[in-house]
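Engineer: take a look and give me a structure for this.
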Amino acid sequence: MGNVTMDKIVSLCKRRGFIFQSSEIYGGLNGAYDYGPMGVQLKNNIRDMWWKEMTQLHDSIVGLDASILMHPRVWEASGHVSNFTDPMVDCKQCKSRFRADQIDLNAPCPVCGTRGSFTTPRNFNLMFATHIGADVDAASTIYLRPETAQGIYVDFKNVVSSSRVKIPFGIAQVGKSFRNEITTKNFIFRSCEFEQMEMQFFCKPGTDEKWFPYWREQRMKFYVEKLGIVADHLRWHQHGPDELAFYAKDAYDIQFLFPMGWQELEGVHSRTDYDLTQHQKFSGKDQTYLDPETNERYIPYVVETSAGLTRNVLMAMSDAYEEQELEGGDTRTVLHFHPEIAPVTVAVLPLVKKDGLAEFANKLEHELREDFATDYDQSGAIGRRYRRQDEVGTPYCVTVDYDTLQDNTVTLRFRDSMEQERVAIPELANRIKKATKEYKRV
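Structural biologist: Have a look, this model is predicted:
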């Protein structure tokens, strides 16, 4: 990853309005973050591209937006109530808390250095419990969902009966999930509130052997070909016997080379019929599928693709970040976002504020808004404004100068190469669209 560090990513995110610590004026809240003007646009762009890829471009995948609050029996059926735990220990001396599986219990405390100070490991359930209704008692306890997948499973029959989908088909969902992490670290990589992009693909038992490698291929292609992520920054990790869930046939993670090393970005899992079988057992409601062509009745197998949207944001920032040394000893920080996900696509800059250039540039920027996410900047020297746009990843800058008023042309600057060309204003939008379609990272 070269010169990319997490400290540099965090600093840029705050400085340029991507991500802020939640409740910062009150000292902040660990594991919670706010997405600023640039960050929310980047996140939405990645989400929209994923949604288009998984639903609009596939005939056999439909969408869902399930409730965050669900019946508590859902989480009993899924195993989260009894099994969704991490081993936790405390340091008796400094009261710091750690995951027992991530430290050496015989070593000194990483915070205070005291040896032999850890408590006996105990299981800690990661679900956030809350209450519904006026009474606060055991009967009113519900949970904030720790994953979005269960909402898809419990609505499986509703989707089948209310739409024309036939197996094989998928249900896609984007939404927030919540996990009461013992320790949160590495910025937004592991937080208590996060967003997921999941698709559960339902298929006839036996055909999962075909669909599992298909979805593995599709998901890796999405990152390289659609998001423009450097291929060398991605790799597959197959779950070993000690990692594989007892109900799963096979599981792979797409890992990305984050500043802190290789970490999971998305999972592609062959989950068999476990989930629907569990919900049939706990609810007493039939979860089988009647094949209209063969009249067979069976519980479908599931191939799951599960990606973290918030981790995708961190991936995009880390992959795009570069500090470049330029001629003359100058340097610039640049984010090489693919133009399709950049928070700002086109920035319009008047060379100077006087002589009608600002008014002309402002009008042009408003016209370009019909097709692109735009920004207008007239403050400071033109070189400094280019640097500001580089730092938020704007792929195209349009400069309005004195020649513009004479021949109706502007200078179009390309972020990655810093090359410039003169373009007639009537051709500008098409030129930008063409450059986006042909974009290859320099």
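Engineer: can you list phi and psi of Asp375 for me?
Structural biologist: Backbone torsions of Asp375, given as degrees, to the nearest 10, read phi -140, psi 150.
Engineer: so it sits against Tyr396, correct?
Structural biologist: No: between Asp375 and Tyr396 there is no contact, the gap being 10.6 Å when judged by C-beta atoms under 8 Å. In this view, the C-beta of every residue, glycine as well, is placed from N, C-alpha and C.
Engineer: list residues touching both of those two?
Structural biologist: Taking C-beta atoms under 8 Å, 6 or more residues apart in numbering as the contact definition, Asp375 and Tyr396 share the neighbouring residues Val346, Ala347.
Engineer: neighbour count winner among these two?
Structural biologist: When Asp375 and Tyr396 are compared on other C-beta atoms under 10 Å, the one with more neighbours turns out to be Tyr396, at 24 against 20.
Engineer: list phi and psi for the more buried one.
Structural biologist: For Tyr396, the backbone dihedrals are phi -140, psi 130 (criterion: degrees, to the nearest 10).
Engineer: can we start the residue count at 190 from this point?
Structural biologist: Okay, using 190 as the starting number, the last item reads as Tyr585.
Engineer: hmm, it is touching Pro528, no?
Structural biologist: Yes: applying C-beta under 8 Å, one finds Tyr585 in contact with Pro528, separated by 7.5 Å.
Engineer: could you pull out the residues contacting both of these two?
Structural biologist: When contacts are counted by C-beta under 8 Å, 6+ apart, Tyr585 and Pro528 have Thr534, Ala624 as shared neighbours.
Engineer: neighbours around Val251, how many?
Structural biologist: For Val251, the number of neighbouring residues by other C-beta under 10 Å comes to 17.
Engineer: that one belongs to a helix?
Structural biologist: No: secondary structure of Val251, determined by DSSP: H, G, I helix; E, B strand; the rest coil: strand, with no helix assignment.
Engineer: do you know how far the residue lying closest to Arg368 once chain neighbours are set aside is from Val502?
Structural biologist: Take Arg368 and drop its neighbours on the chain: the residue closest to it by C-beta to C-beta, 6 or more residues apart in numbering is Leu315, 4.7 Å away. For Leu315, the distance to Val502 (C-beta to C-beta, to the nearest Å) stands at 22 Å.
Engineer: distance of the closest residue to Tyr342 other than its chain neighbours from Gly268?
Structural biologist: Counting by C-beta to C-beta, 6+ apart, Tyr342 lies nearest to Asp464, which is 4.6 Å off, once chain neighbours are set aside. From Asp464 over to Gly268 the distance is 10 Å, taken as C-beta to C-beta.
Engineer: for the two, indicate the residue with more neighbours.
Structural biologist: Taking Asp464 and Gly268 together and counting by other C-beta under 10 Å, Asp464 has the greater number of neighbours (26 against 15).
Engineer: neighbour-wise, which of Leu315 and Val502 wins?
Structural biologist: Neighbours around Leu315 and Val502, counted as other C-beta under 10 Å, are more numerous at Val502. The numbers are 25 against 16.
Engineer: list the residues that contact that one.
Structural biologist: Under the criterion of C-beta under 8 Å, 6+ apart, the contact list for Val502 reads Ile208, Tyr224, Gly228, Leu231, Lys232, Ile235, Ile377.
Engineer: again, 7 Å this time
Structural biologist: Contact partners of Val502, counting by C-beta atoms under 7 Å, 6 or more residues apart in numbering, are Gly228, Leu231, Lys232, Ile235, Ile377.
Engineer: now do it, the pLDDT please.
Structural biologist: At Val502, the pLDDT value in this model is 98.
Engineer: what kind of secondary structure is it in?
Structural biologist: On the three-state scheme (three-state DSSP), Val502 is labelled helix.
Engineer: what distance do you get for it to Val541?
Structural biologist: Val502 sits 36 Å away from Val541 when distances are taken as C-beta to C-beta.
Engineer: repeat that for Ile198.
Structural biologist: In this structure, Ile198 and Val541 are separated by 34 Å, where distance is defined by C-beta to C-beta.
Engineer: for those two, indicate the residue with more neighbours.
Structural biologist: When Ile198 and Val541 are compared for neighbours, Ile198 comes out ahead with 21 against 13, by other C-beta under 10 Å.
Engineer: that one against Tyr510, yeah?
Structural biologist: Yes: contact between Ile198 and Tyr510 holds when scored by C-beta atoms under 7 Å: they sit 6.4 Å apart.
Engineer: got any ranges where the chain has weak pLDDT?
Structural biologist: Low-confidence segments of the chain, defined by pLDDT under 70: 190-191.
Engineer: and the helices in the stretch 440-589 of the chain, which stretches?
Structural biologist: Secondary structure of the stretch 440-589 of the chain (DSSP state H, counting those that start in this stretch): helices located at 463-472, 498-509, 546-557, 571-581.
Engineer: roughly how far is the last one from the heart of the chain?
Structural biologist: The gap between where helix 571-581 is centred and where its chain is centred comes out at 26 Å by C-alpha atoms, centre = their mean, to the nearest Å.
Engineer: equivalent analysis for the shortest one, please.
Structural biologist: Computed by C-alpha atoms, centre = their mean, the separation of helix 463-472 from the middle of its chain amounts to 29 Å.
Engineer: how about residues contacting it?
Structural biologist: By C-beta under 7 Å, 6+ apart, the list of residues contacting helix 463-472 from outside reads 262, 265-267, 342-343, 345, 436, 475-476, 488-489, 491.
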